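**Q** Structure for this input, please:
(2 chains)
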Number of protein chains: 2
Amino acid sequence: MMMQWRNAWIGLLLGTALLGAAPAPNAPPKPQTPGVNDLIASAQPADWRPVAADRLLILTLSGNRRVLIELAPQLAPLNAGNIASLARAGFYDGAHIYRSQDNYVVQMGNEHLKRAIPEGAGATVPGEYLRSGLAGLPFTRLPFADGYAPQTGFTDGFPVGRDPKAGTTWMAHCYGAVGMGRDNDPNSGGTEFYAITGHAPRHLDRNITLFGFVRTGMEHLSVLPRGPAPMGFYAAPEQFTTIESIRLASTLPDAERPLVEVLRTDTALWQRLVNARANRREAWFARPAGFVELCNVAVPTRIVR
Amino acid sequence: MMMQWRNAWIGLLLGTALLGAAPAPNAPPKPQTPGVNDLIASAQPADWRPVAADRLLILTLSGNRRVLIELAPQLAPLNAGNIASLARAGFYDGAHIYRSQDNYVVQMGNEHLKRAIPEGAGATVPGEYLRSGLAGLPFTRLPFADGYAPQTGFTDGFPVGRDPKAGTTWMAHCYGAVGMGRDNDPNSGGTEFYAITGHAPRHLDRNITLFGFVRTGMEHLSVLPRGPAPMGFYAAPEQFTTIESIRLASTLPDAERPLVEVLRTDTALWQRLVNARANRREAWFARPAGFVELCNVAVPTRIVR
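**A** This next block holds a predicted model:
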């Protein structure tokens, strides 16, 4: 199992890490209260939620680099549905990542293949910048103020903003969020999509459609060389990264489906974890912040198979 | 001149960008009020500040990849001074980047060379997590609330938090911030340093010493393959990136000194720019946020020579 969790410890442990030596004499003493990693390690099976196979998009880049994206039809049903249809049709096989802008996004799709849109999918899709109606939509509020949204929190493990007066919810542009490109037309482009690879550009929230979130494999997107043309576009096709395929896990034989689990965001453990993230008690910390911003509350994920 | 500024436009312009074609029929109309890029383009010579040569650190990686770091002795005099001394002595030549953790940091230094510390520099340096005393320290406040600090803003182009009651200022862990590693000892390690390559880990603010900021060349650090060992350390020396040299620009002959300029953060133009960042009026935007978070206010930088 692979755990994804950002560790806040910036230290000089290299000797130990690399050589497998005994802990240094100045190894941290056990913290008084459980730290972030302790809490994740304490998670019980019921604290984890498997990603449903019909919501799990498998993006495979050349060299067998695999990025697993959870679709969010509860927030953007038309756009999530459209990309699922395109994946089912093999539409992206052989397509490209043609943009990588530092501290911002990668963008990919059909732009250079100019394939015809398969039956049952749309070349353009209505924009779904936010969802109206809060009923039936799980929401665990983050108990901290946010400048970009009246409330923030998590819906099924997706970072979201919420406006209780307007009755709207929308996914936030955190690192790993996946959205559908558009030009000045308010509708989504329908086929060309992006993933956020830098500091959260939250000013895009409610301005463009986010339809999914990278659960594992961000490191395959975030290291792609930045494109030399304006806005990080590559200057020549030789610079592209080839998409071998995009598949919906549910279309694969059972034995070949990856199984990804996401820590549930509607549990007592989750509340403790948020609290531990906001008030770091590990021995390294001199001053806990007493606060954690939405995009700094990474949701732990693990690949079970 | 190279401009560094993150463009918020996520569109499908590739055909135009790559092929130099005429603007598409749906090209954005001119915005009613100047947008972010218009304002930067309108900057007069006096709106730019050259980085002093004795504060400009030139980090050259193998393959002539160059990263320019502005030191912040006004915030961390001992740590900035120590790394300047080490650079003057050629201490880092042939050293390594030995850690790259996704959405977090790269870390580099002497860990594997185990060189002796040269005369006049320290193997450890007192931690300077914040600076006490506000007098004489320029500060342009950002007119928005922040969860990590009572106030935020800019001091000489560095993103900072400020506590007016305690009379303290500290650099914020935004993308591009450069700091001195430490283990649980509150003092800085003195030689091993890091740069933030992911979403701002602001919970580190006031917990560790930041002494500089990458002004250009972040893309050489941010794309480094992530290390496979825990916390992004590389598992074997073959995975390291070699530091060819670290030099202080003032030690180079005049003609070889790079000249970097940073947009001043104490001008009327700056105020307009912050306002434009918070209230995006470009034609693409459907809903300006009415807010901008500290680490999303990138400070424009250009290489003049």
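**Q** measure the residue nearest to A:Asp156 when sequence neighbours are not counted to A:Leu75 for me?
**A** Nearest residue to A:Asp156, sequence neighbours excluded (CB to CB, 6 or more residues apart in numbering or on different chains): A:Pro138, at 5.9 Å. To be clear about C-beta, it is placed using only N, CA and C from the backbone, and glycine gets the same treatment. Distance of A:Pro138 to A:Leu75, given as CB to CB, to the nearest Å: 11 Å.
**Q** do the same with A:Arg281
**A** To A:Leu75, A:Arg281 is 34 Å away according to CB to CB.
**Q** higher neighbour count, the two?
**A** A:Leu75 (25 against 16; other CB atoms under 10 Å in any protein chain shown).
**Q** Quick check, the more buried one in contact with A:Tyr129.
**A** No: using CB atoms under 8 Å, A:Leu75 makes no contact with A:Tyr129, being 10.0 Å away.
**Q** Spit out the residues that contact the two alike.
**A** Counting by CB atoms under 8 Å, 6 or more residues apart in numbering or on different chains, the contacts common to A:Leu75 and A:Tyr129 are A:Trp170.
**Q** thinking again about what came up before, contacting residues for the residue nearest to A:Asp156?
**A** A:Thr155, A:Asp156, A:Thr265, A:Asp266.
**Q** at 6 Å what do you get?
**A** By CB atoms under 6 Å, 6 or more residues apart in numbering or on different chains, the residues touching A:Pro138 are A:Thr155, A:Asp156, A:Asp266.
**Q** do A:Ser188 as well
**A** A:Asn79, A:Val125, A:Gly127, A:Met180, A:Arg182, A:Thr209.
**Q** How about A:Pro288?
**A** Contacts of A:Pro288 by CB under 6 Å, 6+ apart are A:Asn279, A:Arg280.
**Q** cool, and A:Ala43?
**A** A:Ala43 neighbours (CB under 6 Å, 6+ apart): A:Leu269.
**Q** C-terminal to the helix or strand of chain A with the lowest mean pLDDT, what's the next element?
**A** Lowest by mean pLDDT, DSSP states H and E among the helices and strands of chain A is helix A:14-19, with a mean of 32. Once the chain leaves helix A:14-19, the next helix or strand it forms, by DSSP states H and E, is helix A:36-41.
**Q** Dump that next one to CSV, keeping only the CA atoms.
**A** Output in CSV follows, covering the C-alpha atoms of helix A:36-41 (Å, rounded to 0.1, in the frame of the first residue of the first chain):
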residue,chain,number,x,y,z
VAL,A,36,-1.0,13.6,11.8
ASN,A,37,0.8,10.4,10.8
ASP,A,38,-0.2,8.6,14.0
LEU,A,39,-3.8,9.4,13.3
ILE,A,40,-3.6,8.1,9.7
ALA,A,41,-1.9,5.0,10.9
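**Q** so what's the residue lying closest to A:Gly167 once chain neighbours are set aside scoring on pLDDT?
**A** The shortest distance from A:Gly167 to any residue other than its chain neighbours is 5.4 Å, reached at A:Leu134 (CB to CB, 6+ apart). Per-residue confidence (pLDDT) for A:Leu134: 90.
**Q** Could I have the PyMOL command that selects the buried members from the contacts of A:Pro138?
**A** Those of the contacts of A:Pro138 that count as buried under 16 or more other CB atoms under 10 Å in any protein chain shown are selected in PyMOL with:
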select buried, chain A and resi 155+156
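**Q** What values do phi and psi take at A:Thr251?
**A** When read as degrees, to the nearest 10, the backbone of A:Thr251 gives phi -90, psi 0.
**Q** Give me the distance between it and A:Ala87.
**A** Taken as CB to CB, the span from A:Thr251 to A:Ala87 is 8 Å.
**Q** Looking at the two, which is more packed in?
**A** Neighbours per residue, other CB under 10 Å: of A:Thr251 and A:Ala87, the larger number sits with A:Ala87, 23 against 15.
**Q** which residues sit against stretch A:120-134?
**A** The contact list for stretch A:120-134 (CB under 6 Å, 6+ apart) reads A:75-76, A:78-79, A:82, A:85-86, A:117, A:167-170, A:186-188, A:190, A:206, A:209.
**Q** which ones among those residues are found in helices?
**A** A:Leu78, A:Asn79, A:Asn82, A:Ser85, A:Leu86 (DSSP state H).
**Q** Let me know the closest of these to A:Leu68.
**A** Of all the ones in helices among the contacts of stretch A:120-134, A:Leu68 sits closest to A:Leu86, with 17.0 Å by CB to CB.
**Q** Tell me the residues of the stretch 51-200 of chain A that contact chain B?
**A** A:98, A:102-104, A:111, A:144, A:147-148, A:175, A:181, A:183-184, A:189, A:192, A:194, A:199-200 (CB under 6 Å from any CB of the partner chain).
**Q** which parts of the helix or strand containing A:Val274 are buried?
**A** Element membership for A:Val274, per DSSP H and E: helix A:268-278. By neighbour count on 16+ other CB under 10 Å, the buried set for helix A:268-278 is A:Leu269, A:Trp270, A:Leu273, A:Val274, A:Ala276, A:Arg277, A:Ala278.
**Q** Then stretch A:137-156?
**A** Neighbour-count burial for stretch A:137-156, with 16+ other CB under 10 Å as criterion, is recorded at A:139-140, A:142, A:144, A:146-149, A:151-156.
**Q** just stretch A:235-245 next, same as before
**A** A:Gln239, A:Phe240, A:Thr241, A:Ile243, A:Glu244.
**Q** Surely the last one is in contact with A:Leu59?
**A** No: in this structure, A:Glu244 is not within contact of A:Leu59 by CB atoms under 6 Å, at 8.9 Å.
**Q** Where does pLDDT dip in the stretch 1-150 of chain A?
**A** A:1-32 (pLDDT under 70).
**Q** and with 50 instead?
**A** A:1-25, A:31 (pLDDT under 50).
**Q** show me where the stretch 51-200 of chain A has strands.
**A** Remark: strands assigned in the stretch 51-200 of chain A by DSSP state E, counting those that start in this stretch are A:56-61, A:65-71, A:96-101, A:105-109, A:131-132, A:140-141, A:151-155, A:158-163, A:168-171, A:177-180, A:193-196.
**Q** which helices and strands sit right next to the longest one?
**A** On a contact count with 3 or more CB pairs under 6 Å, 6 or more residues apart in numbering or on different chains; DSSP states H and E, strand A:65-71 meets strand A:56-61, strand A:209-216.
**Q** how much space is there between A:Val178 and A:Val106?
**A** For A:Val178 relative to A:Val106 (CB to CB), the value is 10 Å.
**Q** So between the two, which is more surrounded?
**A** The neighbour count for A:Val178 versus A:Val106, taken as other CB under 10 Å, is higher for A:Val178 (28 against 24).
**Q** Just list the residues touching A:Pro150, thanks.
**A** A:Asp163.
**Q** one step back: between the buried residues of stretch A:137-156, which is nearest chain B?
**A** A:Gly147 (4.0 Å; CB to the nearest CB).
**Q** just checking, the closest one touches B:Ala289?
**A** No: judged on CB under 6 Å, A:Gly147 makes no contact with B:Ala289 at a distance of 7.8 Å.
**Q** and A:Leu221, helix, strand or coil?
**A** helix (DSSP: H, G, I helix; E, B strand; the rest coil).
**Q** And for it, the neighbour number?
**A** Using other CB under 10 Å, A:Leu221 is surrounded by 25 other residues.
**Q** any idea how far chain B is from it?
**A** Distance, A:Leu221 to chain B, by CB to the nearest CB, to the nearest Å: 10 Å.
**Q** same deal with A:Arg280?
**A** 6 Å.
**Q** A strand includes that residue, no?
**A** No: going by three-state DSSP, the assignment for A:Arg280 is coil, not a strand.
**Q** neighbours around it, how many?
**A** Neighbour count of A:Arg280, defined by other CB under 10 Å: 23.
**Q** Many thanks, we can stop here.
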